[in-house]
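Novice: Okay, sequence plus prediction incoming.
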Amino acid sequence: MAKRKGLTSKAINTLVLNSAAFQDHITRNLLHPNVQLPAPFPRGKRKAARIILKQTGLQTQDQREEREYVLDSALRPLTLAQKLGLMASPAGRISEDEWSRVKARSVLQGDSAQPCAICREEFYLQPQVLLSCSHVFHRACLQAFERFSGRRCCPVCRKEQYETRVIHDAARLFRHQCATRIQARWRGYVARERYKKLRKSICPKDTQLRRKFFEAKLQELNDSFVRYCHTDTESFLSDINRSLSSSRRVFQQLERKQVSEPQEDDWERIQSQVVQRGVWDCPICLTALCGPSLPTDAGTSSRHTALLSCSHLFHRLCLEAFEAFSIESRPCCPLCRSIYHKKITHLGTN
């Protein structure tokens with residue numbers, strides 16, 4: 001067919017060679033079924049690499065883990081089409097300065113702080129690779145993508161013939177976050193312990209908290225007294241009872257001096273409190289202040305009620321009986337134990 005078109009044998013050979021070169025290029029770059037990453041070290045340099053690793057064996061484990069290195073240690077061989085100039089040859093090896101610029105661009109984009117673009121999971125401490133196009137992936141995810149896609153191209157920008165470099169930016173960020181959380185938890189624990197100590201030593205301003213504070217202090221004093229008391233327990237408790245009774249007598253005397261007889265307006269206010277409370281039973285005899293079975297003539301007058309200045313209501317006879325049996329010179333209210341003034345009234349008998 002070529003002879004029919006008038007082509008010479010030299011042109012035919014060139015055409016056949018170009019066709020074979022294009023087929024080889026397409027087979028290697030587009031249709032290769034199993035694309036694998038090249039070995040970190042070529043066969044001829046494995047022995048030298050082992051010597052270098054032995055020399056650096058004195059380094060700590062953290063230094064070995066934080067070391068960054070290029071995963072593609074050797075360039076892929078040129079295809080026949082690239083050697084003949086039919087296809088563009090891949091660029092040369094990326095220098096350290098160029099890798100620094102690529103990494104700075106990746107840090108500026110915040111790729112290490114974001115999830116992996118393939119599996120959409122965080123990096124944490126898993127191996128991480130940086131491509132020459134400044135995109136970052138899990139190393140295992142990138143290998144799986146290349147194996148199943150059959151092509152060596154970036155999963156994000158589709159750039160071909162890239163180089164990969166192992167980095168540890170995501171691991172450092174994760175360690176920094178963990179350290180920050182641990183420090184925050186520790187500071188919170190220290191602050192809470194300090195606050196507990198302050199609550200034990202400083203009296204709060206709130207009424208309920210102040211009451212609990214003094215109750216706890218009193219309990220501590222009682223425990224210390226019982227713990228370090230070398231005398232008889234019964235005598236110790238009897239002393240406490242005597243001191244409490246003497247204190248109670250002092251407070252009662254002060255109350256008697258301070259209590260003044262209510263005026264008419266005060267009695268009206270006290271009566272309104274009784275009506276609002278709505279309790280119409282005598283607390284002493286536990287019967288109604290106004291009984292329907294009581295007679296309406298002389299019996300009703302004997303069931304007059306006595307209103308106290310503390311707003312408590314009793315049968316007059318019940319209160320007089322209580323005062324007669326009381327051993328104190330001035331009895332207290334049977335309910336609230338306060339010194340009172342009384343007024344005979346018909347409240348509750350209607």
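Specialist: Okay, I see it. Model, not experiment: these values are computed from the prediction.
Novice: For residue 319, which non-adjacent residue is closest in space?
Specialist: For residue 319, ignoring the flanking residues on the chain, the nearest one in space by Cβ to Cβ, 6 or more residues apart in numbering is residue 306 at 4.6 Å. The C-beta positions use only the backbone N, C-alpha and C, and glycine is treated the same way.
Novice: Show me what whichever strand or helix holds the one you found is packed against.
Specialist: With secondary structure defined by DSSP states H and E, residue 306 is part of strand 305-308. Contacts of strand 305-308 with other secondary structure elements, assessed using 3 or more Cβ pairs under 8 Å, 6 or more residues apart in numbering; DSSP states H and E, are made with helix 264-277, strand 313-315, helix 316-325, strand 342-345.
Novice: Give the partner strands of that strand in its sheet and their orientations.
Specialist: Counting by DSSP bridges, the strands paired with strand 305-308 are strand 313-315 (antiparallel), strand 342-345 (antiparallel).
Novice: who's in contact with the shortest one?
Specialist: The one in question is strand 313-315. Counting by Cβ atoms under 8 Å, 6 or more residues apart in numbering, strand 313-315 makes contact with 274, 279-280, 282-285, 287, 289, 303-308, 322, 334, 347-348, all of which sit outside it.
Novice: tell me which helix or strand of this protein sits lowest on mean pLDDT?
Specialist: Here the helix or strand of the chain ranked lowest by mean pLDDT, DSSP states H and E is helix 298-302, holding a mean of 44.
Novice: sorry, back to before: what sits opposite the residue nearest to residue 319 in the beta ladder?
Specialist: As assigned using DSSP bridges, the partners bridged with residue 306 are residue 314, residue 344.
Novice: Spit out the contact partners of it.
Specialist: By Cβ under 8 Å, 6+ apart, the contact list for residue 306 reads 313, 314, 315, 316, 319, 342, 343, 344, 345.
Novice: What separation do you get for the third one and residue 346?
Specialist: Distance of residue 315 to residue 346, given as Cβ to Cβ, to the nearest Å: 12 Å.
Novice: Those two: who's more crowded?
Specialist: The residue with more neighbours, out of residue 315 and residue 346, is residue 315; 24 against 14, by other Cβ atoms under 10 Å.
Novice: Flag the shaky bits of the stretch 151-300 of the chain, pLDDT-wise.
Specialist: Filtered on pLDDT under 70, the stretch 151-300 of the chain yields the residue ranges 228-232, 252-259, 290-300.
Novice: Show me the helices in the stretch 51-200 of the chain, by range?
Specialist: For the stretch 51-200 of the chain, applying DSSP state H, counting those that start in this stretch gives helices covering 61-66, 80-83, 96-109, 139-149, 169-201.
Novice: how distant is the longest one from the center of its chain?
Specialist: Here helix 169-201 shows a centroid-to-chain-centroid distance of 11 Å under the convention Cα atoms, centre = their mean, to the nearest Å.
Novice: looking at the helices and strands packed on strand 305-308, which is closest to residue 240?
Specialist: Minimum separation from residue 240 across these (Cβ to Cβ) falls at helix 316-325, 27.9 Å.
Novice: Put the alpha carbons of that closest one into PDB.
Specialist: Once side chains and other backbone atoms are set aside, the C-alpha atoms of helix 316-325 remain, and they are given as PDB (Å, rounded to 0.1, in the frame of the first residue of the first chain):
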ATOM      1  CA  ARG A 316     -58.300  29.700 124.100                       C
ATOM      2  CA  LEU A 317     -58.700  26.800 126.600                       C
ATOM      3  CA  CYS A 318     -56.000  24.700 124.900                       C
ATOM      4  CA  LEU A 319     -53.500  27.600 125.000                       C
ATOM      5  CA  GLU A 320     -54.300  28.300 128.700                       C
ATOM      6  CA  ALA A 321     -53.800  24.600 129.500                       C
ATOM      7  CA  PHE A 322     -50.500  24.700 127.700                       C
ATOM      8  CA  GLU A 323     -49.400  27.800 129.600                       C
ATOM      9  CA  ALA A 324     -50.400  26.200 132.900                       C
ATOM     10  CA  PHE A 325     -48.200  23.100 132.200                       C
END
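Novice: list the buried ones in it?
Specialist: Residues 316, 318, 319, 322 are the ones in helix 316-325 that count as buried (16 or more other Cβ atoms under 10 Å).
Novice: How many residues are close by residue 94?
Specialist: Around residue 94 sit 16 other residues, with neighbours defined as other Cβ under 10 Å.
Novice: isn't it right up against residue 100?
Specialist: No. Residue 94 sits out of contact with residue 100 when judged by Cβ atoms under 8 Å, with a separation of 10.1 Å.
Novice: Out of the helices of the stretch 51-200 of the chain, which gets nearest to residue 15?
Specialist: Using Cβ to Cβ and comparing the helices of the stretch 51-200 of the chain, the one that lies nearest residue 15 is helix 80-83, at 13.6 Å.
Novice: And the strand holding residue 306, how far out from the chain middle?
Specialist: Centroid separation between strand 305-308 and its chain, computed with Cα atoms, centre = their mean, is 60 Å.
Novice: now that strand: mean pLDDT?
Specialist: If you average the pLDDT over strand 305-308, you get 89.
Novice: CA-only coordinates of it in PDB, if you can.
Specialist: Once side chains and other backbone atoms are set aside, the C-alpha atoms of strand 305-308 remain, and they are given as PDB (Å, rounded to 0.1, in the frame of the first residue of the first chain):
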ATOM      1  CA  THR A 305     -59.800  31.400 119.800                       C
ATOM      2  CA  ALA A 306     -56.500  32.900 120.900                       C
ATOM      3  CA  LEU A 307     -54.500  34.700 118.100                       C
ATOM      4  CA  LEU A 308     -50.800  34.900 118.800                       C
END
